[in-house]
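A.B. asks: I need the structure of the sequence given here:
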Amino acid sequence: MDSISTAILAISLIIIMLGMGLSLEADDFKRILIYPKAMIVGLVNQLLILPLLGFAVASLIPVTREIAVGIMILAACPGGPTSNLIAHLAKGDTALSVSLTAISSFITIITIPFIVNFALVQFVDQGQMVQLNVVQTIIQTFVIIVIPVGAGMLIRKKKEAFANRMAKPVRRASGIVIALVITGLIIKERNHVVPYFQQAGLAAFVLNTATMMVGFYSAKLFKITDSRATSIAIESGIQNGTMAIAIAVVLLGNATFAIAPAIYSLLMFFTGGVVIYLGVKRSKAALADQQA
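C.D. replies: Below you'll find the predicted structure:
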């Protein structure tokens, strides 16, 4: 994405995060500290299992060396605000999703350089230690995620009735905004979409779906169910594609490395849509059981 597209997406996500904060309370985050098992499982998936699965996908699926590096760059990245939105729309545990994104964003400042350097040595026989701009990464996380969510929570605390009225319209508006962003990206990149999918589509799809499934069933393994399992699955499988593209193009100076993240960034909206459908369906079924 160019700078204008990135800015539009960032502004859209800030507005969406503000709306998401309207549905959250401080107690939602306190529960994570009191019952930290879901947080630990989510971070292990994000920081350890995801890079291992990324390496397996890059090694086992026939792709070019550049696509393999792109897959590893993706696997090194944290979740992003899009994962928070999908968790919110899928009736997942939004507070858990936001917390996982924030914490993994800080930890991956340290881990990304080592994972990306390993990929460069492994697949293109060229070591080039990546140095992330720590201050910039922290500022982006706060501006796009933490501050808008905090502002929404503050509004809810002061004007709870207003926040409750806005919950459904904001959720619908969030879905519309993301749909418009996807449509705009496809139209803008229409000349590249087909060849890019041919090169990286299968690997990106396998990485996306495999990590979500592993995230979900690892949560089940530790008896973490319902909304928290949904959020862990989403955080495990929806990565910060914009960051991956920036690492490939800006830090590594190789646009070919960005092909896999670009295709992944499109695919994750469609697989995320499936998760949203299943999450809403599960939530309605649970509500019906309670009322029966």
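A.B. asks: Can you report how many residues lie near the nearest residue to residue 80 once chain neighbours are set aside?
C.D. replies: With C-beta to C-beta, 6 or more residues apart in numbering as the criterion, residue 80 has its nearest non-adjacent residue at 3.4 Å, and that residue is residue 240. Using the backbone N, CA and C atoms, a C-beta is placed for each residue, glycine as well. Here the number of neighbours of residue 240 (other C-beta atoms under 10 Å) works out to 26.
A.B. asks: Please apply the same query to residue 56.
C.D. replies: Burial of residue 56 is recorded as 15 neighbouring residues (other C-beta under 10 Å).
A.B. asks: ok, now residue 60?
C.D. replies: For residue 60, the count of nearby residues is 10 (other C-beta under 10 Å).
A.B. asks: try residue 274
C.D. replies: So residue 274, with other C-beta under 10 Å, has 12 neighbours.
A.B. asks: Over to the one 5 residues further on?
C.D. replies: When neighbours are counted by other C-beta under 10 Å, residue 279 registers 23.
A.B. asks: give me every residue that touches it.
C.D. replies: By C-beta atoms under 8 Å, 6 or more residues apart in numbering, residue 279 lies in contact with 89, 90, 91, 92, 230.
A.B. asks: Helix or strand: which one has the residue lying closest to the first one once chain neighbours are set aside?
C.D. replies: Right, the one you point to is residue 89. The shortest distance from residue 89 to any non-neighbouring residue, by C-beta to C-beta, 6+ apart, is to residue 276 (4.7 Å). Under the criterion DSSP states H and E, the helix or strand holding residue 276 is helix 259-291.
A.B. asks: mind checking how far residue 33 is from residue 40?
C.D. replies: Spatial separation of residue 33 from residue 40 under the definition C-beta to C-beta, to the nearest Å is 12 Å.
A.B. asks: Oh, that last question was meant for residue 156, not what I typed.
C.D. replies: Between residue 156 and residue 40 the computed distance is 28 Å (C-beta to C-beta).
A.B. asks: Between the two, tell me which one has more neighbours.
C.D. replies: Each of residue 156 and residue 40 had its neighbours counted (other C-beta under 10 Å), and the higher figure belongs to residue 156 (21 against 11).
A.B. asks: The more buried one is in contact with residue 25, isn't it?
C.D. replies: Yes - in this structure residue 156 lies within contact range of residue 25 using C-beta atoms under 8 Å: 6.6 Å.
A.B. asks: Please spell out which residues along the helix holding residue 276 are buried.
C.D. replies: Of the residues in helix 259-291, 259-269, 271-273, 275-276, 279, 283 count as buried by neighbour count, 16 or more other C-beta atoms under 10 Å.
A.B. asks: Find out how far stretch 228-242 is from the centre of the chain, if you would.
C.D. replies: Shown here is stretch 228-242, whose average C-alpha point lies 5 Å from the average C-alpha point of the whole chain (C-alpha atoms, centre = their mean, to the nearest Å).
A.B. asks: Check which element follows the worst-scoring helix or strand of the chain on mean pLDDT along the chain.
C.D. replies: Every helix and strand in the chain was compared by mean pLDDT, DSSP states H and E; the lowest is helix 134-141, with a mean of 65. Following the chain from helix 134-141 toward its C-terminal end, the next helix or strand by DSSP H and E is helix 147-158.
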